[in-house]
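A.B. asks: predicted model and sequence follow; I will ask about them next.
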Amino acid sequence: MKRYSFYSILLLVCAYLIWAYSFLGNSPEEEVLRTSSYSYGKDSGRGNLIGVEPFMIPGDYSSHTRFLQKTESYLKNAKQLGWITDKAIFVFPEYYGTWLVVSGEKSSLYTSPDLQSGMSYFILRNPFSFLYHLLTSKEDDKVQAAIFKIKAEEMKEIYASTFSALAKKYQITILAGSIVLPSPSIQNGKIVLGSSSLFNASFVFGKDGSVLGEPIRKKFLTEEEKPFLDSNSKPGTVIDTPAGKLGVLVCADSWYPESYSNLKESGADFIAVPSYINRGETSVWDQSWAGYNGAKNPSDVDLKDIGRITEGQAWKKYALETRAVRSGFKNGINVFLQGKLWDLESDGQAFIVRNGQPETISISEHNKNRMYNLWL
């Protein structure tokens, strides 16, 4: 009887290992969406900001190949449009690299009806590493922290190799959106991970494929981010590029006056803001604004606007479009991650400041796969 029990357990272990390590990173091919493109101004030789609002689905993150192909599709499109110059800077949105946490997992994760179900498959395939990080993580939300720490090295490798290769191939500068990584730093132009707190960080890749400057860590975290992310000491980072000094504010950092003061003091010439909005299964862009999320309202905020104006109107009044102009910046772009990631609907619409004035952006509501070109 003991022998049969042993063989039964061994059979179950073998079956589990076969399930856990076979046919990984496979996701059904989806219809390729047309990319809508919009351009503002004329080429004066000073360079340009190319903002990308990619429509992403779970399968786009299933493998290195799928992520690379999806990312490069926007660069190919820009090249065909004549937007790529020796001073071009691509701007991808916040959390664009974060969903690489699901890369190399079972196909059942990508086809799950909701994120919670998908993460159940993730944990089931990584039980021991999940348990280890769950027990050793100091974050309040230990589950989210454990999931990101399990895949941190793999996420970093796919993210860095993708943007490094594309920056070299097209001879451009890329603000590669943001990604959640543990205590990232830069050594000899490469991203190196630490072993402590998780940060929502962006990185800029230069023409030689190396990372320019330092990691751009988010300062003002939302209530959804606080349980598992750490924050930077101050908002905003300036990176030297062929087109000038690029000031970067990650999403909510663009809502605070001190962010623009920091960029001014650091000599920024123009601003890029990668953003991501998600409130679940429904769009919030046209819903009532609920006020600042995660930190106190700045003194210049009209509290009567809370519940009276829409989310989109609040972004227009209290983020890049108004604060950049008020701070004396002539040019800037704010792009948002789009897509349908399980039961999470991404939202938002780009903002552009050109020659000190907000641009009126008229886009197709039926296509959320978009690119914007701002000539500096």
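C.D. replies: That came through, no problem. Owing to the predicted nature of the structure, the values given are computational and were not obtained by experimental measurement.

A.B. asks: from here on, contacts and neighbour counts on C-alpha atoms
C.D. replies: Fine.

A.B. asks: residue 66: which element?
C.D. replies: Secondary structure assignment for residue 66, by DSSP states H and E: helix 64-80.

A.B. asks: buried residues in that helix, which are they?
C.D. replies: Of the residues in helix 64-80, those buried under the neighbour-count criterion (16 or more other Cα atoms under 10 Å) are 64, 66, 67, 68, 70, 71, 72, 74, 75, 77, 78.

A.B. asks: with stretch 203-220 instead?
C.D. replies: 203-220.

A.B. asks: and residue 87, what does it touch?
C.D. replies: With contacts taken as Cα atoms under 8 Å, 6 or more residues apart in numbering, residue 87 has the following neighbours: 46, 47, 48, 172, 173, 241, 242, 243.

A.B. asks: so which of these would you say is closest to residue 196?
C.D. replies: Checking these against residue 196 by Cα to Cα gives residue 173 as the nearest, at 29.3 Å.

A.B. asks: now the very next helix or strand once past the helix holding residue 66: how far from the chain's centre is it?
C.D. replies: Going down the chain from helix 64-80, the next helix or strand is strand 88-92, by DSSP H and E. On the basis of Cα atoms, centre = their mean, to the nearest Å, the separation between the geometric centre of strand 88-92 and that of its chain is 13 Å.

A.B. asks: give me the contacts around strand 88-92.
C.D. replies: Residues outside strand 88-92 that contact it (Cα under 8 Å, 6+ apart) are 47-53, 172-177, 243, 272, 274, 335, 337.

A.B. asks: then stretch 150-159?
C.D. replies: Among residues not part of stretch 150-159, those counted as contacts by Cα under 8 Å, 6+ apart are 64, 97-98, 100-101, 103, 129-130, 133, 181-182, 191, 193.

A.B. asks: list the buried residues of that stretch.
C.D. replies: Burial within stretch 150-159, assessed by neighbour count using 16+ other Cα under 10 Å, is assigned to 150, 151, 152, 153, 154, 155, 156, 158, 159.

A.B. asks: got the CA positions of that stretch in PDB?
C.D. replies: The C-alpha coordinates for stretch 150-159 follow below in PDB (Å, rounded to 0.1, in the frame of the first residue of the first chain):
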ATOM      1  CA  ILE A 150       8.800  36.600  -8.600                       C
ATOM      2  CA  LYS A 151       9.100  37.900 -12.100                       C
ATOM      3  CA  ALA A 152      11.200  41.000 -11.600                       C
ATOM      4  CA  GLU A 153      14.400  39.800 -13.300                       C
ATOM      5  CA  GLU A 154      12.500  38.400 -16.300                       C
ATOM      6  CA  MET A 155      10.400  41.500 -16.600                       C
ATOM      7  CA  LYS A 156      13.500  43.700 -16.500                       C
ATOM      8  CA  GLU A 157      15.200  41.600 -19.200                       C
ATOM      9  CA  ILE A 158      12.300  41.700 -21.700                       C
ATOM     10  CA  TYR A 159      11.700  45.400 -21.100                       C
END
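
A.B. asks: give me the mean pLDDT for it.
C.D. replies: In this model, stretch 150-159 has a mean pLDDT of 96.

A.B. asks: where does the stretch 251-376 of the chain have low pLDDT?
C.D. replies: For the stretch 251-376 of the chain, applying pLDDT under 70 flags the ranges 279-282, 365.

A.B. asks: which residue ranges of it form helices?
C.D. replies: Across the stretch 251-376 of the chain, reading from the start of the chain, the helices by DSSP state H, counting those that start in this stretch fall at 257-265, 311-318, 320-326.

A.B. asks: coming back round to it: just the buried residues of stretch 203-220: which are in strands?
C.D. replies: In strands, defined here by DSSP state E, the members of these are 203, 204, 205, 211, 212, 213, 214, 215, 216, 217.

A.B. asks: so the first one touches residue 175, yeah?
C.D. replies: Yes - checked against Cα atoms under 8 Å, the pair residue 203 and residue 175 is within contact range at 6.0 Å.

A.B. asks: start to end distance for stretch 323-341?
C.D. replies: Across stretch 323-341, the terminal residues are separated by 31 Å (Cα to Cα, to the nearest Å).

A.B. asks: which SS class is the nearest residue to residue 96 once chain neighbours are set aside?
C.D. replies: On the basis of Cα to Cα, 6 or more residues apart in numbering, the spatially nearest residue to residue 96 that is not a chain neighbour turns out to be residue 177, at 5.4 Å. Under the three-state scheme (DSSP: H, G, I helix; E, B strand; the rest coil), residue 177 adopts strand.

A.B. asks: still on that earlier bit, could you identify the most distant pair in the ones in strands among the buried residues of stretch 203-220?
C.D. replies: Pairwise distances across those peak at 15.4 Å for 205 and 217 (criterion: Cα to Cα).

A.B. asks: so which of the buried residues of stretch 150-159 sit within helices?
C.D. replies: Members of those lying in helices (criterion: DSSP state H): 150, 151, 152, 153, 154, 155, 156, 158, 159.

A.B. asks: what about residue 59, distance to residue 369?
C.D. replies: As defined by Cα to Cα, residue 59 lies at a distance of 16 Å from residue 369.

A.B. asks: ok, now residue 342?
C.D. replies: Where residue 369 is concerned, residue 342 sits at a distance of 17 Å (Cα to Cα).

A.B. asks: ditto for residue 360
C.D. replies: Counting by Cα to Cα, the gap from residue 360 to residue 369 is 19 Å.

A.B. asks: thinking again about what came up before, just put the ones in strands among the buried residues of stretch 203-220 in TSV and tack on pLDDT and distance to residue 325.
C.D. replies: Compiled in TSV, those are given as follows (pLDDT from 0 to 100; distance: Cα to Cα, whole Å):
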residue	pLDDT	distance to residue 325
203	98	25
204	98	24
205	98	27
211	98	29
212	97	26
213	95	25
214	94	26
215	96	26
216	96	22
217	96	23
